[in-house]
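Peer 1: compute the structure for the input listed below.
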Amino acid sequence: MQRTAINPWDWSLKLGYNQAEIIEAATRQVLCAGQTAVDAHGVPQHPGDMRAQIALALDNLAAVLGGAGMDLGHVTRLRLYATDMEAARANLDLLGMRFGAVRNSPPMTLLGVTQLALPDLLFEIEATASA
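Peer 2: Reported below is the predicted structural model:
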């Protein structure tokens, strides 16, 4: 698979993502459901702690991708949902750390929502991955 970043401006690179990417010669694509801060039984964890919820949602995304034989380096698109935009923005460095470690800056969108599927959830991350 070949990835070509499209960045008419460089401001998004400072935040850790590309404006767009051209994906060529991909043979497999994985569409991941939204991952949140739940344990292996689907029970929400870390109520009220945005940073801990983002970290666990990333761990859960990595586990799902691992089940498909991929990792965060294969992610080609992210959609982030947060019930508290200020708290989410203050903790997005976690994404930079995790995706920076695999040298990946996938295009992403951050959306503010009033609530997620379960009352204690503050953050959800949805991904598309390609190999």
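Peer 1: next SSE downstream of the lowest-mean-pLDDT helix or strand in the chain?
Peer 2: Using mean pLDDT, DSSP states H and E, the weakest-scoring helix or strand in the chain turns out to be helix 11-14, at a mean of 89. Note on helix 11-14: by DSSP states H and E, the next helix or strand toward the C-terminus is strand 20-24.
Peer 1: for that following strand, output the C-alpha coordinates as PDB.
Peer 2: Presented in PDB, the C-alpha positions along strand 20-24 are these (Å, rounded to 0.1, in the frame of the first residue of the first chain):
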ATOM      1  CA  ALA A  20      -6.100  14.100   3.100                       C
ATOM      2  CA  GLU A  21      -4.300  11.000   1.800                       C
ATOM      3  CA  ILE A  22      -4.200   9.100  -1.400                       C
ATOM      4  CA  ILE A  23      -4.200   5.400  -0.700                       C
ATOM      5  CA  GLU A  24      -3.000   3.200  -3.600                       C
END
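Peer 1: run me through the strand neighbours of it, direction for each.
Peer 2: strand 2-6 (antiparallel) (DSSP bridges).
Peer 1: I'm done for today, thanks for sticking with me.
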